[in-house]
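Peer 1: 3D model of this:
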Amino acid sequence: MKSTNWKDIAEVIGIGAIVASLMLLAYEIRQTRIAIMGETYLSRAETSSDWQLTMATSDVIPEILEKYRQGGIESLTPGEGARFIAVANAAKTRMDSYYYQYELGLLGDDWYRYRFVPSVRRWRDAWNEIGALSEANTRPEFLSAIEAVPD
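Peer 2: Predicted structure coming up:
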């Protein structure tokens, strides 16, 4: 009988150790997710700040964007067109990166509703016009998300 008691006690201790290990693992996963989210937000803030600083300090880019909005790509000189394409591609890359983070659950529905949808509406025609949304250079998930945004 005594050996059965020791066996039962050992099994209970083993089960307790497994449960404790699983709890520790869940805690570590949660902490890793929090750290990743913190890094994601920091990266977004840096990217957004860089973008806004470029727009705020550039005399040329805001004028090119306004000229495009008023007259389309044909209204731009070749040099302005090249800069516009670079800015539009940068905006697409930034949005694709953020959308990927959204797919991973690192950005919430508010981001989608208040950032993604307005940005797509603002840039989609330009991206189409410069050929930035071809299947060859756009993630299928991002392309589908862009197409799903109503005008």
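Peer 1: Count the residues that sit near R124.
Peer 2: 17 (other Cβ atoms under 10 Å). Any C-beta I mention is one placed from the backbone N, CA and C, and that applies to glycine too.
Peer 1: same deal with G131?
Peer 2: A count of neighbours around G131, defined by other Cβ under 10 Å, yields 10.
Peer 1: Could you check how far it is from S144?
Peer 2: Noted for G131: a distance of 18 Å to S144, by Cβ to Cβ, to the nearest Å.
Peer 1: Which helix or strand contains P118?
Peer 2: Take DSSP states H and E as the rule and P118 turns out to sit in helix 117-129.
Peer 1: ok, then the element right after that helix?
Peer 2: Toward the C-terminus, helix 117-129 is succeeded by helix 140-148 as the next helix or strand (DSSP H and E).
Peer 1: which other helices and strands contact that next one?
Peer 2: Based on contacts counted as 3 or more Cβ pairs under 8 Å, 6 or more residues apart in numbering; DSSP states H and E, the elements that helix 140-148 packs against are helix 78-103, helix 117-129.
Peer 1: so D96 makes contact with F142?
Peer 2: Yes: distance between D96 and F142: 4.7 Å, which falls inside the contact criterion (Cβ atoms under 8 Å).
Peer 1: which other helices and strands contact the helix holding P118?
Peer 2: Using 3+ Cβ pairs under 8 Å, 6+ apart as the contact criterion, the elements in contact with helix 117-129 are helix 78-103, helix 140-148.
Peer 1: ok, now with 10 Å
Peer 2: Taking 3 or more Cβ pairs under 10 Å, 6 or more residues apart in numbering; DSSP states H and E as the contact definition, the neighbouring helices and strands of helix 117-129 are helix 61-71, helix 78-103, helix 140-148.
Peer 1: Using PDB, write out every CA atom in stretch 70-80.
Peer 2: Extracted in PDB, the C-alpha atoms of stretch 70-80 (Å, rounded to 0.1, in the frame of the first residue of the first chain):
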ATOM      1  CA  GLN A  70      -5.400  68.400 -59.800                       C
ATOM      2  CA  GLY A  71      -4.200  67.000 -63.200                       C
ATOM      3  CA  GLY A  72      -3.100  63.400 -62.900                       C
ATOM      4  CA  ILE A  73       0.200  61.900 -63.900                       C
ATOM      5  CA  GLU A  74       0.200  63.700 -67.300                       C
ATOM      6  CA  SER A  75       0.400  67.100 -65.500                       C
ATOM      7  CA  LEU A  76       3.800  66.200 -64.000                       C
ATOM      8  CA  THR A  77       7.200  66.800 -65.700                       C
ATOM      9  CA  PRO A  78       9.300  63.700 -66.100                       C
ATOM     10  CA  GLY A  79      11.300  64.600 -62.900                       C
ATOM     11  CA  GLU A  80       8.100  65.200 -60.900                       C
END
